[in-house]
Every structure is written in structure tokens, then in C-alpha cells.
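Trainee: kindly generate the corresponding structure for this input.
(one chain, ligands or ions: 1)
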Amino acid sequence: MYDVNEIRKEFPILKQSVYGKPLIYLDNAATTQKPRCVIDAITEAYTNVNANVHRGVHFLSQKATEQYEEARATVRRFINARHAHEVIFTRGTTESINLVASSFGETFLTAGDEVIISTMEHHSNIVPWQLLAERKGIKLRVIPLTADARLDKEAYTALFNEKTRLVSITHTSNVMGVTNPVKEYIDIAHSHNVPILIDGAQSVPHKRVDVQELDADFLVFSGHKIYGPTGIGVLYGKEELLNRMQPYQGGGEMIQTVRFEKTTFNELPYKFEAGTPDYVGAIALAKALDYVTSIGVEKIAAHEQQLTLYTLEQLREIPAMRIFGNPDGAAISFLVGDIHPADLGTLLDRLGIAIRTGHHCAQPLIDHFGIPGTVRASFAMYNTQEEADILIAGIKRVIKMFG
Ligand code: PMP
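Mentor: A predicted model of the protein is given here:
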């Protein structure tokens with residue numbers, strides 16, 4: 001049994017009122033709220049465990065190190081990586097992609113090489129590659145969309161040539177909530193001997209993602225979008241690739257020996273974790289993943305999908321409603337008539353409804369549609385059908401105001 005009301009009790013922030021109305025939080029694609037166990041894990045770590053990891057022989061440092069490495073093992077299990085040392089802790093999806101662009105780019109790419117991305121990428125899976133293109137003279141190739149706003153598989157297949165070195169695409173669009181059949185895209189890349197990075201920022205929180213089953217070379221995601229804290233995220237990479245890649249940042253922890261003549265680097269995963277890591281964040285992220293596992297990833301997915309379908313049905317009955325793409329997960333982007341998304345967002349906010357408006361850090365996709373932006377409602381494990389009803393009623397009220 002999936003008891004959403006019991007789940008809601010675990011999220012203290014949801015009890016809030018805004019402008020005298022119960023908070024309806026539908027901006028989960030931007031960030032999720034935190035359950036009590038995650039908030040408590042942060043307090044507990046600072047209260048009883050805090051000491052710098054991997055550095056001290058003393059009791060506390062060993063305890064902190066143990067919990068940090070246990071957190072890595074929890075992430076490994078969650079995404080079914082082969083080894084814990086294939087899990088690198090970063091600040092989040094953005095830093096993970098920058099790490100790959102920088103380290104993979106410096107190690108393997110030279111002028112004229114090509115990287116394939118897609119039209120529906122978040123800026124964090126566009127700009128790092130553009131910066132690399134400027135530095136190294138590589139070329140970006142962009143997968144176009146079909147008429148119904150899906151990735152164009154034929155066009156993707158045709159983009160490969162002897163210069164293609166890497167593919168980097170999103171699993172689920174943060175704007176449209178559409179999930180790409182990435183397994184097929186991975187297999188196509190591999191048939192050309194090209195590795196592929198999957199941006200899991202919007203998929204890992206909403207479905208079971210198994211890196212071995214997918215055979216993804218890299219998978220990135222953010223802790224804060226899966227009920228964990230901000231400032232912590234994950235880069236999964238296949239051992240063989242990570243071992244061959246240059247370090248990303250230099251500093252403490254990532255070295256074996258430092259001499260002015262020559263410095264040697266630490267083994268995985270530490271080679272990519274320069275400086276004091278956010279070990280408290282990692283410990284709390286592991287708590288969040290354990291919490292998700294205890295409820296059941298599949299059950300959460302089913303609940304969110306049912307909510308998405310229900311909301312879509314109601315939205316489609318509103319005249320002049322335009323829904324972008326084919327949402328199948330937990331986010332829906334829409335526009336109503338010529339009401340500006342910012343106006344709709346502001347008025348819904350006054351009704352206590354938190355939704356996101358604008359370009360959602362995916363300007364090329366918004367340009368593709370030729371619109372100023374969208375209104376996006378995105379769901380999490382704690383959202384309810386009543387909240388969807390209040391959203392729909394709110395939209396109808398705003399439409400009336402605009403005549
Ligand atoms: N990729 C996608 C698909 C996203 O939705 C987001 C966050 N909106 C990011 C990357 C960037 O994540 P972060 O800001 O946590 O680094």
C-alpha cells in the first residue's frame with residue numbers, strides 16, 4: 001500500500017502555509033523537499049561524527065570516513081554500479097558533467113573531434129561542451145527533435161562519423177518530462193565504439209536506473225533532486241574510463257605523492273575528489289536513497305505516473321491549453337492561450353501553488369518551440385491528487401481573470 005498521507009508526515013516543510021493557503025509544492029524538478037530522516041542525518045553527523053575524512057588516525061576521523069565510504073556503497077547499490085570506486089562524489093549534476101567535459105576532454109579529445117548532445121539538454125549539458133569546444137577546437141553535433149518533440153533516432157544515427165568521441169544526453173527532459181529510450185541510444189553509441197554519458201538528474205529520482213543494465217559509461221545526478229541535501233551529487237563512470245582520465249581538480253586527497261619534480265595521483269575514486277569533500281552531504285544523501293528504497297522506487301514511480309496522467313487529463317480539457325512534448329514521468333510543461341508564463345506562475349503562487357516558469361535552463365528547447373517559456377508542474381512522492389485538483393482549479397481561476 002502506498003500511503004501518501006503517511007509519507008507527507010515525514011516532510012516537515014509541507015505543513016507550511018503561504019499567503020494563508022496550504023503550500024502546494026509542484027516544483028520538484030527544480031529541487032525536492034527533505035524528509036525528517038535526511039534533516040536529522042545532517043544534524044547527527046555534525047553533532048556526533050564530524051571530523052575530516054581520510055586524514056586522521058583518531059576515532060572521529062575514522063568514524064566519519066567509515067560513514068562517508070558507506071554512503072558511497074549505498075550509491076553503488078542504488079544505481080547497481082559494479083564497484084564503489086566508480087562512484088565519485090561531486091557538487092551535483094552540473095559539476096559531474098563539467099568534470100567529464102574537462103577530464104575526458106583533456107585526455108581524449110583533439111581539434112576536429114566531435115561530441116553529440118541533443119536539442120533537449122539542460123544548459124549544464126550544453127555549456128561545458130561549448131567551453132571545451134572553445135578550448136580544444138572540438139565540434140558539437142546536436143540531435144534534432146521529431147515533430148512530436150522526441151529525440152530523432154534516425155538523425156542521431158546519422159551524426160556518427162570517425163570523429164565522434166562522446167555522446168552526452170539526458171535520460172528525462174527537465175522541461176517536457178519525456179523519458180528518452182536511452183538504452184537504444186547507448187547501444188547505438190557503442191556500436192560505433194563511442195562512450196556515452198547519461199544525465200540522470202530527472203530520471204534517477206523517478207525510476208530505477210541500473211548502470212550495468214543500461215551499460216552507460218557515465219551517469220550523473222544531483223542529491224537535492226532525490227530528497228537529499230544540496231551541494232552533493234554523483235558521477236558514476238566505468239572504472240576503465242575513469243582510470244585513464246586525467247584528474248579534474250588538483251589538491252589534497254587526490255594525490256599519492258607530491259614532489260616539486262613530479263606528483264603522482266591517488267587511485268579511484270579519490271583521484272577525482274580533490275579537497276575536503278562534502279562528507280556530511282554524502283552521508284545525508286545515502287539516508288535519502290535508503291528512504292526512497294524503503295518506500296520502493298517502483299511504487300514511487302507508479303504514484304507519480306498516475307498523478308501525471310491524472311493532471312494531464314484535466315489539463316487537456318482546458319480550452320487553449322498547449323502541452324509540450326509527451327510527459328511520461330513527473331513533469332508537465334504547458335501554456336494557456338496567450339497568458340504569459342510568468343503571469344500564470346505569479347498568480348498561482350498567490351494561491352499557494354509553487355510551480356516553475358521560464359526557460360528551465362533549456363533555452364535551445366524553448367527556442368525550438370518558439371515560445372517565451374513554459375509553466376511547469378513537477379511531482380514527487382508526496383504530491384496528491386487533491387493538489388493536482390487545486391492546481392487545475394487555480395489555472396481555471398487565472399484564465400477567468402484574464403477573460
Ligand atoms: N540536468 C537536468 C536534466 C536537470 O534537470 C538539472 C537541474 N534542473 C541539471 C542537469 C542541473 O542540476 P544541478 O543544478 O543540480 O547541478
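Trainee: hang on, isn't Ile13 packed against Lys34?
Mentor: Yes - judged on C-beta atoms under 8 Å, Ile13 makes contact with Lys34 at a distance of 7.4 Å. Placement of C-beta: from N, CA and C, glycine included.
Trainee: alongside the ligand, which residues does the stretch 1-150 of the chain contribute?
Mentor: 29, 92-94, 122, 124-125 (C-beta under 6 Å from any ligand atom).
Trainee: between those residues, which has the most around it?
Mentor: Within these, neighbour counts (other C-beta atoms under 10 Å) peak at Ala29, which reaches 29 neighbours.
Trainee: the closest residue to Thr263 other than its chain neighbours pairs with what?
Mentor: Distance criterion C-beta to C-beta, 6 or more residues apart in numbering; nearest residue to Thr263, sequence neighbours excluded, is Ile255 at 5.7 Å. Per DSSP bridges, the residues bridged to Ile255 are Phe265.
Trainee: report pLDDT for the residue sitting furthest away from the middle of the chain.
Mentor: Ranking residues of the chain by C-alpha distance from their mean position (C-alpha atoms, centre = their mean) puts Glu261 at the top, at 40.4 Å. Looking at Glu261, its pLDDT reads 96.
Trainee: for it, which residues are in contact?
Mentor: Taking C-beta atoms under 8 Å, 6 or more residues apart in numbering, we find Glu261 in contact with no residue.
Trainee: ramachandran coordinates for it?
Mentor: phi -80, psi -40 (degrees, to the nearest 10).
Trainee: same question for the helix or strand harbouring Leu391, mean pLDDT?
Mentor: Using DSSP states H and E, Leu391 maps to helix 385-401. Average pLDDT, helix 385-401: 97.
Trainee: for it, what is the distance to the chain centroid?
Mentor: The chain centre lies 28 Å from the centre of helix 385-401; the measure is C-alpha atoms, centre = their mean, to the nearest Å.
Trainee: again with stretch 14-33
Mentor: 20 Å.
Trainee: and the end-to-end length of that stretch?
Mentor: 8 Å (C-alpha to C-alpha, to the nearest Å).
Trainee: and stretch 150-165, by the same measure?
Mentor: End-to-end for stretch 150-165, by C-alpha to C-alpha: 23 Å.
Trainee: cool, stretch 239-251 as well?
Mentor: 22 Å.
Trainee: tally up the residues packed near the residue in the stretch 251-400 of the chain that the ligand sits nearest to, please.
Mentor: Across the stretch 251-400 of the chain, the shortest distance to the ligand (C-beta to the nearest ligand atom) belongs to Cys361, at 5.8 Å. Neighbourhood size, Cys361 [other C-beta under 10 Å]: 18.
Trainee: mind listing what the residue nearest to it when sequence neighbours are not counted touches?
Mentor: Nearest residue to Cys361 in three dimensions, chain neighbours excluded: His123, at 4.4 Å (C-beta to C-beta, 6+ apart). Counting by C-beta under 8 Å, 6+ apart, His123 touches 361-363.
Trainee: how about Ala84?
Mentor: Contacts of Ala84 (C-beta under 8 Å, 6+ apart): 69, 72-73, 75-76, 269.
Trainee: quick check: it vs Ser378, distance?
Mentor: 31 Å (C-beta to C-beta, to the nearest Å).
Trainee: so where's the stretch 201-350 of the chain shaky on pLDDT?
Mentor: Applying pLDDT under 70 to the stretch 201-350 of the chain flags no residue at all.
Trainee: so which residues on it come close to the ligand?
Mentor: So the stretch 201-350 of the chain meets the ligand at 201-202, 222 (C-beta under 6 Å from any ligand atom).
Trainee: want to throw these into a markdown table with neighbour count and secondary structure?
Mentor: A markdown table is the format used below for those (neighbours: other C-beta atoms under 10 Å; DSSP: H, G, I helix; E, B strand; the rest coil):
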| residue | neighbour count | secondary structure |
| --- | --- | --- |
| Ala201 | 27 | coil |
| Gln202 | 29 | coil |
| Ser222 | 29 | strand |
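Trainee: which element is the residue of the stretch 251-400 of the chain closest to the ligand on?
Mentor: Cys361 belongs to no helix or strand, assigned by DSSP H and E.
Trainee: identify the residues contacting it.
Mentor: 122-124, 174.
Trainee: how about a cut-off of 10 Å?
Mentor: 30, 94, 121-127, 174-175 (C-beta atoms under 10 Å, 6 or more residues apart in numbering).
Trainee: quick check: the gap between it and Pro372.
Mentor: Counting by C-beta to C-beta, the gap from Cys361 to Pro372 is 15 Å.
Trainee: nearest to Gly325 among the contacts of His123?
Mentor: Ala362 (11.2 Å; C-beta to C-beta).
Trainee: so that closest one touches Ala201, yeah?
Mentor: No - judged on C-beta atoms under 10 Å, Ala362 makes no contact with Ala201 at a distance of 11.7 Å.
Trainee: sec struct for Arg165, please.
Mentor: Following DSSP: H, G, I helix; E, B strand; the rest coil, we place Arg165 in the strand state.
Trainee: list the residues that contact it.
Mentor: 104-105, 108-110, 113-116, 138, 193-195.
Trainee: which of those are buried? Put it as a ChimeraX command.
Mentor: Selection of buried members from the contacts of Arg165 for ChimeraX, criterion 16 or more other C-beta atoms under 10 Å:
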select :104,105,109,113,114,115,116,138,194,195
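Trainee: just the ones of the contacts of Arg165 in helices?
Mentor: Among the contacts of Arg165, the members found in helices (DSSP state H) are 104-105, 108.
Trainee: SS state for Thr308?
Mentor: Thr308 is classified as helix under three-state DSSP.
Trainee: show the contacting residues for the residue nearest in space to the middle of the chain.
Mentor: With distances taken as C-alpha atoms, centre = their mean, the chain has Ala201 as the residue nearest its mean C-alpha position (1.1 Å). The contact partners of Ala201, by C-beta under 10 Å, 6+ apart, come to 29, 92-94, 96-97, 122, 124-125, 170-172, 174, 220-222, 224-226, 233.
Trainee: thinking again about what came up before, what do Ala362 and Ala201 both touch?
Mentor: 122, 124-125, 170, 174.
Trainee: can you pull the contacts of Asp215?
Mentor: Contacts of Asp215 (C-beta under 10 Å, 6+ apart): 183, 186-187, 189-190, 196, 238.
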